[in-house]
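J.: what follows is a protein structure lacking sequence information:
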């Protein structure tokens, strides 16, 4: 099976890390030959080639399947991919556009890989047949050694640093100030999670939330927005606390973790076990390859 991967992202975000992990894992699969056309930071971290229209046109005709990893390359593959079947990763939580071009390119895809059931429902609402949708959650490396969480009181809180108003940095500050807890905003979660007890993830729109999987595998207590695909990663009162998107609700959840002895440790342990069982790279890769085979079969 010859697969051509396409990604147009310029920076390393959740989708680009999934492309990186998928293509690295496929190197060990003797049944899959793959090439990657991409841009920006992903190009620097892989053996891919720079995405150009000429390369796409040429290599699409040498492939059995095109995997478009974002909306832009979905459009390019539909326009330039010829008769080669297209698999499209869909990671975003907003509804599918309904204009003529959008309807055409969505008909062009043989299969969609929805990052969550929530995203799959968005596709079904846009009249994509359920038989053309596979749910493939993000996959992250499982740590070789189980992390330790030494709970300190009051707990220190970590949140994502982001200029995107939809990612909740300002709301996180307000919630932590109200709860009287120290907040650190991070540009490198893998580096900074060991120095915090709580990960606070507030977002206005989320397909799944790979940062939540990372925090779960770091065995941190999690407070997150009850929105989009997040409840598919975090189960309220079991593997974390879900909150409405307002400072008072988020502060109340943080205060519970600070006040109730043993709650944070219990939630963090359960989140780690759940993430280790459900969100490994090997699971993501196996489900993706199965979706490839289904697309080619139809």
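T.: Now that the structure is in, tell me what you want to look at. These numbers were taken from a predicted model, which means no experiment stands behind them. Numbering: from 1, shown residues only.
J.: low-confidence stretches in the stretch 101-250 of the chain?
T.: Within the stretch 101-250 of the chain, the ranges that satisfy pLDDT under 70 run 165-166.
J.: now do the helices in it.
T.: Remark: helices assigned in the stretch 101-250 of the chain by DSSP state H, counting those that start in this stretch are 117-125, 169-179, 189-192, 210-217, 247-259.
J.: identify the residues contacting residue 135.
T.: 113-117, 120, 287 (Cβ atoms under 8 Å, 6 or more residues apart in numbering). Using the backbone N, CA and C atoms, a C-beta is placed for each residue, glycine as well.
J.: which of these count as buried?
T.: Among the contacts of residue 135, those classed as buried by 16 or more other Cβ atoms under 10 Å are 113-116, 120, 287.
J.: tabulate these (a markdown table), appending distance to residue 168.
T.: Listed next are those as a markdown table, based on distance: Cβ to Cβ, whole Å:
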| residue | distance to residue 168 |
| --- | --- |
| 113 | 26 |
| 114 | 23 |
| 115 | 19 |
| 116 | 19 |
| 120 | 24 |
| 287 | 29 |
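J.: domains in this protein, by residue range?
T.: If you go by automatic domain parsing, the domain ranges for the chain are 2-139+280-297, 157-278.
J.: gap between stretch 28-47 and the chain center?
T.: A distance of 18 Å separates the centroid of the chain from that of stretch 28-47, by Cα atoms, centre = their mean, to the nearest Å.
J.: quick check: buried residues in that stretch?
T.: Judged by neighbour count (16+ other Cβ under 10 Å), stretch 28-47 contains these buried residues: 32, 34-40, 42-43, 45-46.
J.: quick one, what contacts residue 226?
T.: Here residue 226 is in contact with 236, 242-244 (criterion: Cβ under 8 Å, 6+ apart).
J.: now do the most centrally placed residue in the chain against residue 229, distance only.
T.: In the chain, the residue lying closest to the centroid (Cα atoms, centre = their mean) is residue 210, at 4.1 Å. Relative to residue 229, residue 210 is positioned 10 Å away (Cβ to Cβ, to the nearest Å).
J.: likewise for residue 37?
T.: With Cβ to Cβ as the criterion, residue 37 and residue 229 are 28 Å apart.
J.: go on, residue 190?
T.: Taking Cβ to Cβ as the measure, residue 190 falls 21 Å from residue 229.
J.: more neighbours, these two?
T.: Comparing residue 190 with residue 229 by neighbour count (other Cβ atoms under 10 Å), the higher total belongs to residue 229, at 26 against 10.
J.: next one: the nearest residue to the more buried one once chain neighbours are set aside from residue 27, what distance?
T.: The shortest distance from residue 229 to any non-neighbouring residue, by Cβ to Cβ, 6 or more residues apart in numbering, is to residue 116 (3.1 Å). Separation of residue 116 from residue 27 (Cβ to Cβ) stands at 27 Å.
J.: do the same with residue 206
T.: Residue 206 is 30 Å from residue 27, where distance means Cβ to Cβ.
J.: those two: which has the busier surroundings?
T.: Comparing residue 206 with residue 27 by other Cβ under 10 Å, the one with more neighbours is residue 206, at 29 against 9.
J.: just give the nearest non-adjacent residue to that one, would you?
T.: residue 228 (3.8 Å).
J.: touching, residue 115 and residue 137? I think so.
T.: Yes. In this structure, residue 115 is within contact of residue 137 by Cβ atoms under 8 Å, at 6.5 Å.
J.: joint contacts of these two?
T.: Each of residue 208 lies in contact with both residue 115 and residue 137 under the rule Cβ under 8 Å, 6+ apart.
J.: what's the neighbour count on residue 111?
T.: Residues lying near residue 111 (other Cβ under 10 Å) number 21.
J.: who are the contact partners of it?
T.: Counting by Cβ under 8 Å, 6+ apart, residue 111 has contacts 85, 87-88, 132-134, 291, 294-295, 298.
J.: closest to residue 251 among these?
T.: residue 133 (37.8 Å; Cβ to Cβ).
J.: and that closest one, what does it touch?
T.: Neighbouring residues of residue 133 by Cβ under 8 Å, 6+ apart: 111-112, 114, 120, 123-124.
J.: could you dump the residues you listed into CSV with distance to residue 6 added?
T.: Output for those, formatted as CSV (distance: Cβ to Cβ, whole Å):
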residue, distance to residue 6
111, 15
112, 15
114, 18
120, 21
123, 19
124, 24
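J.: can you tell me which of those residues is nearest residue 195?
T.: Of all the contacts of residue 133, residue 195 sits closest to residue 114, with 34.2 Å by Cβ to Cβ.
J.: how close does the nearest residue to that closest one once chain neighbours are set aside get to residue 232?
T.: Nearest residue to residue 114, sequence neighbours excluded (Cβ to Cβ, 6+ apart): residue 120, at 3.8 Å. Distance from residue 120 to residue 232, counting by Cβ to Cβ: 10 Å.
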